[in-house]
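# Pasting a predicted model and its sequence here:
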Amino acid sequence: MAGRDPGLKHVVDLFAWPLLLLIFFLRIPEISAGRAERINYLGTEFIAYWVDLHSDDLSLRWRDSSGQILGTFDRLRADLGPRASQLKFAINAGIFSTKQEPLGLHIERFKVLKNLNLGELEGGQLNFYMKPNGVFYVVAAEAGILESKEFAAKALYPSLACQSGPLLVQRGKIHPLFQPGSTNLHWRSGVGISSNNQVVFAISKSPLCFHDFARLFRDRLGCENALYLDGDICAIYLPELGFKQADAATRFAGMFAVVPKRR
């Protein structure tokens, strides 16, 4: 039997490899970085949502282009315009005043709308001033959470930043004022940074104490740093798990929103 022509085999290889590569890439599904999960932990149900800043567009929004406070998920969707149908996730941002203004630092699209607040207790906002409090921020697709004075000492130029408090977890340690078994029970929302640098938001679906909420972030979600966002005034928009109904009774100041990055 005659052997194959080595020259012909070389020609076939030249055409075969590009064809195989084309087939391979066509079979790769579109990347979907957002991941939602229902979690039962310490006898409480939570909803967690991970954000990959390299594939998702995370924004912080307080007012519309005319200066009006958005306040609700419905108005947030309206403000997104053509991208409203792409809204994958939204959650309230940090603690705010009775005037519906962020109580601390608030940066949107590199613009400082509220300055860093390093003051002591004022206006009855006990949680915000439970030191150490902190700042969640994004710089060049890298997220971080720092204690407020530590943030002030760094020359950072974040695209977004939200100050709130207290810090739930700081460098792997739970806030020193949190007590196991505390009877201070509320619905709670927060944000943390996972070990692979993904942002993870979480909200409880029933009341719990600060200590158990901090344990969720540290021990279940694997976050070395996590920040409390707000208590009973907290909610999520997450159509994937059925959370998409308007809540006319809920009013926020800032809100985080997640849509896919433009390609």
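Now that the structure is in, tell me what you want to look at.
# Please count neighbours and contacts with C-alpha atoms only from this point.
OK.
# what residues are up against the most centrally placed residue in the chain?
Centroid check for the chain by C-alpha atoms, centre = their mean gives F201 as the closest residue, at 4.6 Å. For F201, the contacting residues are 48-50, 189-192, by C-alpha atoms under 8 Å, 6 or more residues apart in numbering.
# Narrow those residues to those in strands?
Taking DSSP state E as the definition of strands, these contribute 48-50, 189-192.
# Out of those, which two sit at the greatest distance?
Largest separation among the ones in strands among the contacts of F201 by C-alpha to C-alpha: W50 and S189, giving 13.8 Å.
# Would you state the strands of the stretch 51-200 of the chain in chain order?
Assigned by DSSP state E, counting those that start in this stretch, the stretch 51-200 of the chain shows strands spanning 56-61, 89-92, 106-108, 111-114, 134-139, 142-147, 160-164, 167-170, 173-174, 189-194, 199-204.
# So which of those strands is nearest K244?
strand 89-92 (9.4 Å).
# Tell me which strands the closest one pairs with, and in which orientation.
Partner strands for strand 89-92, per DSSP bridges, with pairing direction: strand 236-237 (antiparallel), strand 255-260 (antiparallel).
# sorry, back to before: which one's more surrounded, W50 and S189?
The neighbour comparison of W50 against S189 (other C-alpha atoms under 10 Å) goes to S189, with 28 against 22.
# Any idea what the more buried one is bridged to?
I203, D230.
# for the stretch 101-250 of the chain, what are the low-confidence residue spans?
Residues of the stretch 101-250 of the chain that meet the criterion pLDDT under 70 lie in 122-124, 245-249.
# sorry, back to before: please name the nearest non-neighbouring residue to the residue nearest to the centre of the chain.
V191 (4.4 Å; C-alpha to C-alpha, 6 or more residues apart in numbering).
# For the one you found, list the residues it contacts.
Neighbours of V191 in contact, by C-alpha under 8 Å, 6+ apart: 136, 199-202, 226-229.
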